[in-house]
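> Sequence first, predicted model second:
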Amino acid sequence: MQQLDVVIIGAGPAGLAAAIQCRENDLDVVVLDEFPKAGGRLLGQLHQEPSGEWWNGIEESKALQTKAESLNTDIRLGYSVYHIEKLEEQFVVHTKQQKFVTKNVLIATGAAESPAPIPGWTLPGVMSIGAAQVMTNVHRVKVGEKGIVVGVNVLSAAIARELQLAGVDLHSMALPTRNVVSEDQAHPRLVMERLSRIAHLAPSKFIQFGSRFAKWKWVQDLVVQYYPKSGIKMWGMPIYLNKAIKQINGTDKVESVTMVDVTMHGDIIGNSEEEIPVDFVCIAGGLYPLAELAGVVGCPFIYSEELGGHVPVHNEKMETPVAGIYVAGNITGIESSKVAREQGKVAGLAIVNKEKNSSEITGKLQTAISEVKATRDAASIQFHPHIPEGRAKVSAAYDDLVKAQEVEKELEYV
């Protein structure tokens with residue numbers, strides 16, 4: 001069986017960008033993805049930047065795939081990876097179709113959704129917000145005639161606008177009611193803090209102007225306390241921070257939702273139930289890093305609320321403490337596709353540098369690392385606050401683990 005230089009798991013922006021760097025430097029590469037199309041999360045994205053330019057994820061993914069294919073990159077779609085076996089000096093990547101032997105593995109598996117459970121959420125017509133995005137923007141399937149979004153966050157606001165642009169009628173966006181799982185997502189004050197980070201994207205100049213002051217907590221408290229009962233409209237759609245969805249109703253499919261008023265702390269106000277007729281419901285609970293394969297191969301993890309959950313420990317070169325294993329994209333923390341693409345470039349160059357060790361590649365690698373930081377700083381959408389602090393914690397954890405490994409090796413020789 002031929003030994004490859006690198007197997008890349010995930011054909012999203014990070015995986016494709018890494019493959020391009022590897023192929024430009026003549027490494028033997030295979031890219032694996034379980035989806036029938038390359039592009040990952042890019043495939044469903046369509047939004048307008050503050051500059052007025054449109055970000056079209058499908059076109060961006062096409063450009064990356066076309067570039068990779070022009071370099072004769074071996075991209076295998078419909079390949080599900082279920083195990084990475086670590087041998088002495090190589091890895092065996094197991095898929096349902098075949099095994100791949102490689103010196104290096106880049107895990108760029110992205111993120112998964114964590115929808116908050118609501119009574120009635122198993123009815124046909126209930127879906128995650130990401131599923132609605134893929135059905136609408138990728139498969140061109142209309143998800144329903146009139147729906148509602150449960151969960152007010154950066155992800156749901158961006159995708160709700162995409163659904164509107166595709167002609168989908170949305171009644172509103174509202175909070176879930178409080179339970180053990182949805183505590184943070186059901187608290188108006190915490191939601192307001194997160195929502196303030198995307199107010200600059202609103203079509204209303206008044207809201208954009210107000211977002212400059214929303215960084216202060218006392219302003220956020222005032223906004224939540226005096227939030228209008230009719231909601232604040234973005235793109236003609238009310239966004240409620242004082243209303244929540246208590247239940248999804250229907251017999252064989254979604255027929256309506258029960259909406260209730262809530263206090264500024266998320267507590268239900270009695271006798272406030274209202275039935276809203278809809279035929280679909282999108283639940284938006286946010287994203288978390290999809291990192292199981294990194295755990296299978298022995299990568300250590302650190303929990304970072306700033307990055308969206310448990311992430312594999314890694315450094316700015318996207319190296320993990322497991323020699324030969326690299327990570328890039330949302331597996332390292334929830335950020336934009338642009339950041340994922342730049343991280344993929346870094347990972348690809350880091351692998352090339354390991355295999356070829358040239359001063360030219362070292363220089364390109366340092367430049368690419370700087371471009372990740374610049375892209376992060378310029379991002380129009382931030383999924384979590386304090387991302388730089390989260391990144392610093394992960395880097396520090398990597399340094400500590402590497403030092404511990406070095407001490408352990410020294411003791412073996414004593």
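Done, it's in. Residues are numbered from 1 along each chain as shown.

> Now for this structure, the helix or strand with the poorest mean pLDDT.
None of the helices or strands of the chain scores lower by mean pLDDT, DSSP states H and E than helix 205-210, at a mean of 42.

> Low-confidence bits of the stretch 51-200 of the chain, can you list those?
51-52, 54-55, 180, 183, 189, 193-200 (pLDDT under 70).

> can you give me the helices in it?
With DSSP state H, counting those that start in this stretch as the criterion, the stretch 51-200 of the chain has helices at 57-70, 129-133, 154-165, 188-195.

> Select, out of those, the one closest to residue 8.
helix 57-70 (10.0 Å; C-beta to C-beta). (Glycine included, C-beta is placed from N, CA and C.)

> Keeping just the C-alphas, turn the lengthiest strand in the chain into PDB.
As assigned by DSSP state E, the longest strand anywhere in the chain is strand 237-249. This file holds the C-alpha atoms of strand 237-249, laid out as PDB (Å, rounded to 0.1, in the frame of the first residue of the first chain):
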ATOM      1  CA  MET A 237     -38.500  40.300  10.800                       C
ATOM      2  CA  PRO A 238     -39.000  40.800  14.500                       C
ATOM      3  CA  ILE A 239     -36.300  39.600  16.800                       C
ATOM      4  CA  TYR A 240     -37.700  39.000  20.300                       C
ATOM      5  CA  LEU A 241     -35.600  39.000  23.500                       C
ATOM      6  CA  ASN A 242     -38.700  39.100  25.700                       C
ATOM      7  CA  LYS A 243     -40.600  36.200  24.100                       C
ATOM      8  CA  ALA A 244     -39.800  32.500  24.000                       C
ATOM      9  CA  ILE A 245     -41.100  29.300  22.400                       C
ATOM     10  CA  LYS A 246     -42.600  27.100  25.000                       C
ATOM     11  CA  GLN A 247     -43.800  24.200  22.800                       C
ATOM     12  CA  ILE A 248     -44.100  23.100  19.200                       C
ATOM     13  CA  ASN A 249     -47.600  21.900  18.300                       C
END
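
> contacting residues for residue 139?
Residues near residue 139 by C-beta atoms under 8 Å, 6 or more residues apart in numbering: none.

> What residues sit buried inside the helix or strand containing residue 311?
Assigned by DSSP states H and E, residue 311 falls within strand 309-312. Residues of strand 309-312 classed as buried: 309, 311-312 (neighbour count, 16 or more other C-beta atoms under 10 Å).

> and the longest strand of the chain, which residues are buried?
Quick answer for strand 237-249 (16+ other C-beta under 10 Å): 237-249.

> Which strands border that strand, and is each parallel or antiparallel?
Using DSSP bridges, strand 237-249 pairs in its sheet with strand 169-176 (parallel), strand 232-234 (antiparallel), strand 256-261 (antiparallel).

> Pipe the ones you listed into TSV and attach distance to residue 59 and mean neighbour count per row.
Output for the strands paired with strand 237-249, formatted as TSV (distance: least, C-beta to C-beta, whole Å; neighbours: other C-beta atoms under 10 Å):
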stretch	distance to residue 59	mean neighbour count
strand 169-176	25	22
strand 232-234	25	18
strand 256-261	35	20
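
> Export these as TSV, with columns for distance to residue 142.
Shown next, in TSV, are these (distance: least, C-beta to C-beta, whole Å):
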stretch	distance to residue 142
strand 169-176	10
strand 232-234	22
strand 256-261	19
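
> Out of these, the one nearest residue 89 is which?
strand 169-176 (49.4 Å).

> Show me which of the buried residues of strand 309-312 is closest to residue 70.
For the buried residues of strand 309-312, the nearest to residue 70 is residue 312 (31.0 Å; C-beta to C-beta).

> Phi and psi next, for the closest residue to residue 315 other than its chain neighbours.
Nearest residue to residue 315, sequence neighbours excluded (C-beta to C-beta, 6 or more residues apart in numbering): residue 398, at 4.5 Å. Dihedral angles phi and psi of residue 398 (degrees, to the nearest 10) take the values phi -60, psi -50.
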